[in-house]
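Engineer: got a predicted structure here, sequence first:
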Amino acid sequence: MSNDADLSVPPAEDRLVIGIGQDGRGDDVAGREAVRRLAARHVAPCVLSDGEPGRLLELFARAPRIWVVDAVRSGAPPGTLHRYEGPGLPLNRGPGPASTHGLSLGDAIDIALALDRQPARLVVHGIEAGPVTLGEGLSSAVARAVPRLVARLRDELAAAGDALAARGAGPRA
């Protein structure tokens, strides 16, 4: 059963924000929670995903500019914010402690590259996860970091929209 849900889908947008994670899995829900809060501000179309690579490929095809928000594990303190963009994203590949989704976001991006299905622009915002215990909510460190991440996303998406408007390009028809 898919754990994906559209939060807002304005017509003919040129960008999409994807929040990845699993509800009820502790800090793994951080990406979804940040995107839920962002969607309430109506900044950009937003969708929630369970991170399954096939569904991510479908989402990548929905817009030329994609922002992904997910919990990550790099060894930094819980709540640390990360941002990655461009080729060679330093994301973990393969199942294991770096991903709670089986295959990782890095694997999904590798598959998109191999199939020539990567969006023109892909930005990944990560929030360092602490515990991902079944049945738990966000840890206090991650809960405190989510509003900072939402503010960063809001500002970045607004700037990206302003840059597009300045070039005379509007949303895709």
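Structural biologist: Sure thing, it's come through.
Engineer: spatially nearest residue to Glu136 (excluding sequence neighbours)?
Structural biologist: Nearest residue to Glu136, sequence neighbours excluded (CB to CB, 6 or more residues apart in numbering): Gly26, at 4.2 Å. (C-beta placed from N, C-alpha, C; glycine too.)
Engineer: for the one you found, which residues are in contact?
Structural biologist: When contacts are counted by CB atoms under 8 Å, 6 or more residues apart in numbering, Gly26 touches 129-134, 136-139.
Engineer: if you count residues, where's the longest helix of the protein?
Structural biologist: If you go by DSSP state H, the chain has its longest helix at helix 140-166.
Engineer: so how many other residues sit close to Val69?
Structural biologist: 28 (other CB atoms under 10 Å).
Engineer: scratch that, Arg37
Structural biologist: Number of residues near Arg37 (other CB under 10 Å) recorded here: 18.
Engineer: quick one: secondary structure of it?
Structural biologist: State at Arg37, reduced to three classes by DSSP: H, G, I helix; E, B strand; the rest coil: helix.
Engineer: in PDB, list the C-alpha atoms belonging to stretch 130-150.
Structural biologist: Extracted C-alpha coordinates of stretch 130-150, given in PDB (Å, rounded to 0.1, in the frame of the first residue of the first chain):
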ATOM      1  CA  GLY A 130      18.000  10.600  16.000                       C
ATOM      2  CA  PRO A 131      15.900   7.600  17.000                       C
ATOM      3  CA  VAL A 132      13.600   5.900  14.400                       C
ATOM      4  CA  THR A 133      11.700   3.800  16.900                       C
ATOM      5  CA  LEU A 134       8.400   2.300  15.800                       C
ATOM      6  CA  GLY A 135       5.400   4.100  17.300                       C
ATOM      7  CA  GLU A 136       7.400   7.200  18.400                       C
ATOM      8  CA  GLY A 137       7.100  10.800  17.300                       C
ATOM      9  CA  LEU A 138       9.900  13.300  16.600                       C
ATOM     10  CA  SER A 139      12.700  13.600  19.100                       C
ATOM     11  CA  SER A 140      13.000  17.000  20.800                       C
ATOM     12  CA  ALA A 141      16.200  17.900  18.800                       C
ATOM     13  CA  VAL A 142      14.500  17.200  15.400                       C
ATOM     14  CA  ALA A 143      11.200  18.800  16.500                       C
ATOM     15  CA  ARG A 144      13.100  22.000  17.200                       C
ATOM     16  CA  ALA A 145      14.900  21.900  13.800                       C
ATOM     17  CA  VAL A 146      11.800  21.400  11.700                       C
ATOM     18  CA  PRO A 147      10.600  25.000  11.800                       C
ATOM     19  CA  ARG A 148      14.100  26.200  10.800                       C
ATOM     20  CA  LEU A 149      14.000  23.700   7.800                       C
ATOM     21  CA  VAL A 150      10.600  25.000   6.800                       C
END
